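K.L.:
coords below, sequence missing:
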Ligand SMILES: Cc1cc2nc3c(=O)[nH]c(=O)nc-3n(C[C@H](O)[C@H](O)[C@H](O)COP(=O)(O)OP(=O)(O)OC[C@H]3O[C@@H](n4cnc5c(N)ncnc54)[C@H](O)[C@@H]3O)c2cc1C
């Protein structure tokens with residue numbers, strides 16, 4: 001065994017150097033904790049929240065729900081899925097939390113996790129070849145830690161974004177961002193509720209609020225091209241039937257673009273007859289979930305004419321559900337606000353129907369912008385809206401925010417945030433030159449936002465665990481991506497997205513939802529099979545593109 005990586009069976013972390021410190025207790029961090037412990041690494045995980053689950057710990061707003069089918073939005077370990085029963089095809093946050101507690105109990109994870117511990121700073125010390133990590137914990141055992149490797153698994157949405165509104169501080173009612181929802185809950189029943197933002201969280205919380213609130217006002221800047229969830233309740237027999245499909249579903253993830261268990265139809269939307277095209281669109285619509293997005297003709301996301309056909313089908317479906325044509329035009333405009341599918345479509349159940357109800361109002365803030373806040377509401381260019389509870393569904397500093405928020409310093413003093421200010425530079429979405437022994441899970445320039453979350457956690461997790469094991473076997477203790485390799489990877493990410501329609505939308509995929517953030521694709525868009533092939537080849541070539549010593 002290599003002297004540099006100890007291989008103790010449990011973490012004796014107080015005043016002791018860890019082999020590995022993991023940051024974040026979502027799918028990615030928990031998977032790594034379990035797998036590294038299995039390989040006898042001395043590992044500890046620190047988590048800012050009070051429990052396991054990652055985004056499912058924080059996003060506990062009414063209506064928070066998974067939009068990937070439960071079949072694959074879970075770990076693929078048979079000893080776990082054999083025991084677990086899902087109650088719905090698309091589980092809500094409470095069920096996801098229960099699932100994470102079940103995983104924690106079964107794998108005994110919490111014994112090596114420090115909760116309520118937020119990493120603030122990390123500095124690499126070249127002399128000891130180790131990271132010195134400072135946290136906000138008052139517990140001396142985890143206030144300052146040293147670790148040979150740091151694996152940052154802070155996810156896509158750990159830094160909520162709140163736009164700066166004039167007079168925002170004046171508002172006296174309850175006001176919460178969906179990603180920082182009070183853990184004790186919040187009563188919406190009988191209140192006048194305002195929801196700013198119509199991304200995934202905005203759609204979900206507005207739907208729920210429409211059934212509770214006395215009055216609901218939705219402030220929409222950009223229409224969300226939502227797809228029908230086609231939710232289903234699952235009983236014991238349905239779970240049994242699902243279990244019979246899991247092994248095949250999990251295996252399929254490696255072959256599908258989005259790490260899902262289904263993929264695009266290999267045909268072009270332009271090569272089939274209108275009848276055939278509409279028949280496929282209708283079939284996918286009825287299947288629900290992401291089928292209409294990721295199971296459709298292969299050129300929908302790259303060919304403008306094909307894309308327009310999908311948009312028109314979507315628009316007509318939505319308009320048929322909205323009784324006021326003027327409201328229909330705001331929700332589903334005649335012409336697309338951006339190419340269909342280039343912003344992540346949300347799944348809805350009664351979102352469009354709710355606008356037919358008298359107590360639900362839609363405000364188009366592109367036409368009538370929010371001008372200011374008052375103690376009791378929101379003033380737009382054309383109206384004043386009285387509000388008791390204001391919900392900010394304004395998104396996240398997605399993918400990079402969790403990383404750049406931490407003061408991570410290069411041995412020469414440069415920070416990761418400074419390095420990435422004019423463009424992200426990673427190799428394989430896993431590492432950045434100048435920051436040795438620091439690896440990212442679900443990070444930028446990996447499939448992350450284009451990939452099913454648990455698939456990414458397991459596939460990248462296996463690669464990282466293999467890499468650290470390889471280093472231990474070969475007596476190596478330092479790994480750093482080369483600048484050449486990261487430049488090449490960045491170029492590849494930029495080239496891969498060019499033939500697609502994604503750059504045409506101001507999405508979080510493009511970093512375009514945050515003022516001042518570099519506008520560039522944040523994801524690797526070659527798909528999971530191509531990504532995993534690149535990783536496999538790299539490992540087979542002795543981790544080509546990294547310097548190991
Ligand atoms: C509301 C919502 C719904 C989603 N639905 C889906 C879906 O249906 N399908 C899908 O594939 N993906 C979905 N996602 C994406 C989701 O991020 C991934 O599925 C998955 O949760 C990623 O897991 P993770 O472990 O990488 O990160 P996360 O689950 O985000 O966990 C990151 C953890 O890091 C912690 N952390 C952050 N910074 C620090 C710090 N400095 N110190 C200590 N701890 C820190 C956070 O507290 C958090 O617990 C959704 C995201 C959101 C926000």
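P.N.:
Here it is on my side, so go on. Quantities reported herein were computed from a predicted structural model and do not represent experimental measurements. Residues are numbered from 1 along each chain as shown.
K.L.:
quick one: is the lengthiest strand in the chain near the ligand?
P.N.:
Taking DSSP state E as the criterion, the chain has its longest strand at strand 144-152. No - between strand 144-152 and the ligand, judged by Cβ under 6 Å from any ligand atom, nothing touches; the nearest distance is 8.1 Å. Yep, even glycine has a C-beta here, placed from its N, CA and C like the rest.
K.L.:
Which strands and helices lie in contact with the lengthiest helix in the chain?
P.N.:
Ranked by residue count, the top helix of the chain under DSSP state H comes out as helix 453-473. Applying 3 or more Cβ pairs under 8 Å, 6 or more residues apart in numbering; DSSP states H and E, one finds that helix 453-473 contacts helix 27-38, helix 528-540.
K.L.:
Could you pull out the buried residues of that helix?
P.N.:
By neighbour count on 16 or more other Cβ atoms under 10 Å, the buried set for helix 453-473 is 453-461, 463-469, 471-472.
K.L.:
ok, and which of these reach the ligand?
P.N.:
Among the buried residues of helix 453-473, the residues within reach of the ligand (Cβ under 6 Å from any ligand atom) are 453, 457.
K.L.:
Spit out the contact partners of the closest residue to the ligand within the stretch 151-300 of the chain.
P.N.:
Nearest residue of the stretch 151-300 of the chain to the ligand, counting by Cβ to the nearest ligand atom: residue 155, 2.0 Å away. Residues in contact with residue 155 (Cβ atoms under 8 Å, 6 or more residues apart in numbering) are 24, 26, 28, 54, 55, 402, 442.
K.L.:
Output the set of residues of this protein in proximity to the ligand.
P.N.:
Residues of the chain lying near the ligand by Cβ under 6 Å from any ligand atom: 23-29, 46-49, 54-55, 57, 59, 64, 66-68, 73, 118-119, 153-158, 201, 402, 406, 441-442, 452-453, 457.
K.L.:
Endpoint to endpoint, stretch 161-172 covers what distance?
P.N.:
One end of stretch 161-172 to the other measures 20 Å (Cα to Cα, to the nearest Å).
K.L.:
contacting residues around that stretch?
P.N.:
So stretch 161-172 is contacted by 177, 370-378, 387, 390, 392, 394-397, 401, 513-515 (Cβ under 8 Å, 6+ apart).
K.L.:
In contact with the spatially most central residue of the chain, which residues?
P.N.:
Among the residues of the chain, the one closest to the centroid is residue 156, at 4.1 Å (Cα atoms, centre = their mean). For residue 156, the contact set (Cβ under 8 Å, 6+ apart) comprises 55, 396, 398, 399, 402, 442, 448, 449.
K.L.:
circling back: tell me the helices and strands packed up against the very next helix or strand once past the longest helix of the chain.
P.N.:
Next along the chain after helix 453-473, taking DSSP states H and E as the criterion, comes strand 479-481. The contact analysis (3+ Cβ pairs under 8 Å, 6+ apart) places strand 479-481 against strand 546-548.
K.L.:
okay, residue 411: pLDDT?
P.N.:
What the model reports as pLDDT for residue 411 is 81.
K.L.:
same thing with the one 4 residues further on?
P.N.:
The confidence metric pLDDT takes the value 96 at residue 415.
K.L.:
Repeat that for residue 533.
P.N.:
98.
K.L.:
go on, residue 166?
P.N.:
At residue 166, pLDDT is 84.
K.L.:
Not counting its own residues, what contacts the helix or strand hosting residue 276?
P.N.:
Taking DSSP H and E as the criterion, residue 276 maps to helix 274-287. The contact list for helix 274-287 (Cβ under 8 Å, 6+ apart) reads 227-228, 230, 265, 269, 272, 291-292, 295-297, 309-310, 313, 317.
K.L.:
Counting neighbours, which of the residues you listed end up buried?
P.N.:
Burial by neighbour count, judged by 16+ other Cβ under 10 Å, picks out 227-228, 230, 265, 269, 291-292, 295-297, 309-310, 313, 317 from the contacts of helix 274-287.
K.L.:
Let's see which of these end up in helices.
P.N.:
Short answer: these in helices (DSSP H) are 291, 292, 309, 310, 313, 317.
K.L.:
one step back: now do the longest strand of the chain and helix 453-473, the angle between them.
P.N.:
With axes from the mean of the first three to the mean of the last three Cα atoms, to 10 degrees as the basis, strand 144-152 and helix 453-473 are set at 120 degrees to each other.
K.L.:
what about the helices in the stretch 251-400 of the chain?
P.N.:
274-287, 291-294, 304-319, 325-331, 351-354 (DSSP state H, counting those that start in this stretch).
K.L.:
wait, which of these is closest to residue 496?
P.N.:
Checking the helices of the stretch 251-400 of the chain against residue 496 by Cβ to Cβ gives helix 291-294 as the closest, at 16.7 Å.
K.L.:
What is the closest one packed up against?
P.N.:
Against helix 291-294 (3+ Cβ pairs under 8 Å, 6+ apart) you get helix 274-287.
K.L.:
how about the helix it packs on: buried residues?
P.N.:
Using 16+ other Cβ under 10 Å as the burial criterion, the residues of helix 274-287 that qualify are 277, 280, 281, 284, 285.
K.L.:
now stretch 238-256
P.N.:
Those would be 239, 242, 246, 249, 250, 252, 253, 256, for stretch 238-256 by 16+ other Cβ under 10 Å.
K.L.:
and residue 441, what is it in contact with?
P.N.:
Listed by Cβ under 8 Å, 6+ apart, the contact set of residue 441 reads 24, 28, 29, 32, 151, 152, 153, 456, 457, 460, 461, 464.
K.L.:
Next up, the contacts around the second one.
P.N.:
Think residue 28. Each residue near residue 28 by Cβ under 8 Å, 6+ apart is listed here: 54, 153, 155, 441, 442, 453, 456, 457, 460, 461.
K.L.:
and with 10 Å instead?
P.N.:
Taking Cβ atoms under 10 Å, 6 or more residues apart in numbering, we find residue 28 in contact with 22, 54, 151-155, 440-443, 448, 453-454, 456-458, 460-461, 464.
K.L.:
cool, the third one as well?
P.N.:
The neighbourhood of residue 29, defined by Cβ under 10 Å, 6+ apart, consists of 22-23, 45-47, 52, 54, 109, 113, 151-155, 441-442, 457, 461.
K.L.:
Give the buried residues for stretch 529-543.
P.N.:
By 16+ other Cβ under 10 Å, the buried positions in stretch 529-543 come out as 529, 531, 532, 534, 535, 538, 543.
K.L.:
Any idea how many residues pack against the residue of the stretch 301-450 of the chain found nearest the ligand?
P.N.:
Per Cβ to the nearest ligand atom, residue 442 is where the stretch 301-450 of the chain lies closest to the ligand, at 3.4 Å. When neighbours are defined as other Cβ atoms under 10 Å, residue 442 has 28 of them.
K.L.:
Residue 382 too?
P.N.:
Look at residue 382: counted by other Cβ under 10 Å, it has 11 neighbours.
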